[in-house]
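Trainee: Structure for this input, please:
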Amino acid sequence: MIPALLPRSRKPVSLFISLAGVFTAFALNASPAMALSLNPDAASPGIKDSNTLHWILFVVIVAVIVVVNLAILRAARPRTRAVSPRPGRKVSQVRLAIGLGVFALALFVVATIFSDKSREIPAVNSVPVAGQVKGEPLEITATGQQWLWRFNYPDGAFSYRRLIVPAGVTVQLDLVSTDVIHGWNVPELTGKAQAVPGETNTIYFRADDPGTYTNRSSVFSGQGYDTMEIEVQVVPPAEYEAAIIELKRDIQRAQDKVELEFKLSQKQAEVGEVAGKKMKAEINKVDIESADSE
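Mentor: This is a model prediction of the structure:
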């Protein structure tokens, strides 16, 4: 057999490159649909699980890229001497392929586990807060409209722009829209989701620590899109219940004010009508007296 005067076989390099592509695909596709970021301020279990998965994939991808580049540099070194094929070479390539295949399978299993964990509904709190059915998440409806969010709580209260939720309580957020598609995006808690007209999209989260999380709508919805802010205020359960009571009081005060203004306008109209009739009667009386004098 004529000795090869070319560089050694590059099959391992091709194998490395192929597997690097597979790992990259895992990194892009195994992530949860609504939480795609390495967020250091994660405040809910799903986002924390997602971050763990992303860090694992990030480290693996970097390691694979380094190994692939080193393999390419080694294979591309100029050779001035003849290289005879070695009998055990095929065996080593097979072992390498099997080892990398097992590694890829293990990575796939890890990605699947963490992806499923990040999609799980967080454990529901044992002691329900006001408006929450025991054993069920606290259900709140978020309505997107041009150009603000309205939040309806289960006991009749509502708020605009700012969502108040209790810490340590699992929340079921039902997203709806009255006009166009609006994008919900609070990366520390839920990531991205959409409010679509005629549909209800549901996301779950549990914020374990009090704090305030803000962002903007993630979908362009018209000229007022830039002002469509989202603010999620996480407070202790007792403070949440007090805030809901205050919201209901504010709503009742506003309703009472509207009723008072309506009654006042009615009274003014009645008084005006009576005064008008009285004035008309006086005019008619003057007309009659003038006619009698003539």
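
Trainee: you'd agree Ser221 is up against Ile181?
Mentor: Yes: Ser221 is in contact with Ile181 according to Cβ atoms under 8 Å; the separation is 6.8 Å. Heads up, the C-betas are built off the backbone N, CA and C, glycines and all.

Trainee: Distance of the nearest residue to Val124 once chain neighbours are set aside relative to Gln194?
Mentor: For Val124, ignoring the flanking residues on the chain, the nearest one in space by Cβ to Cβ, 6 or more residues apart in numbering is Thr170 at 4.7 Å. Taking Cβ to Cβ, to the nearest Å as the criterion, Thr170 is separated from Gln194 by 21 Å.

Trainee: more neighbours, these two?
Mentor: Looking at Thr170 and Gln194 with other Cβ atoms under 10 Å, you find the greater number of neighbours at Thr170, namely 21 against 18.

Trainee: For beta bridges, what are the partners of the more buried one?
Mentor: On the basis of DSSP bridges, Thr170 takes part in beta bridges with Arg206.

Trainee: do the same with the one 5 residues further on
Mentor: Beta bridges link Leu175 to Ala142, Asn201, judged by DSSP bridges.

Trainee: List the residues that contact it.
Mentor: Each residue near Leu175 by Cβ atoms under 8 Å, 6 or more residues apart in numbering is listed here: Ala142, Gly144, His182, Trp184, Ala193, Gln194, Ala195, Val196, Thr200, Asn201, Thr202, Ile203.

Trainee: Now rank the residues you listed by neighbours and give me the top one.
Mentor: Tallying neighbours with other Cβ under 10 Å puts His182 at the head of these, with 32 neighbours.

Trainee: quick one: contacts for that one?
Mentor: Here His182 is in contact with Gly144, Gln145, Trp149, Leu175, Gln194, Ala195, Ser217, Val219, Ser221, Met228 (criterion: Cβ under 8 Å, 6+ apart).

Trainee: can you rerun that using 7 Å?
Mentor: Counting by Cβ atoms under 7 Å, 6 or more residues apart in numbering, His182 makes contact with Gly144, Ala195, Ser217, Val219, Ser221.

Trainee: Please flag which of the residues you listed sit within strands.
Mentor: With strands defined by DSSP state E, the entries of these inside them are Gly144, Ala195.

Trainee: That's all I had, so thanks and see you.
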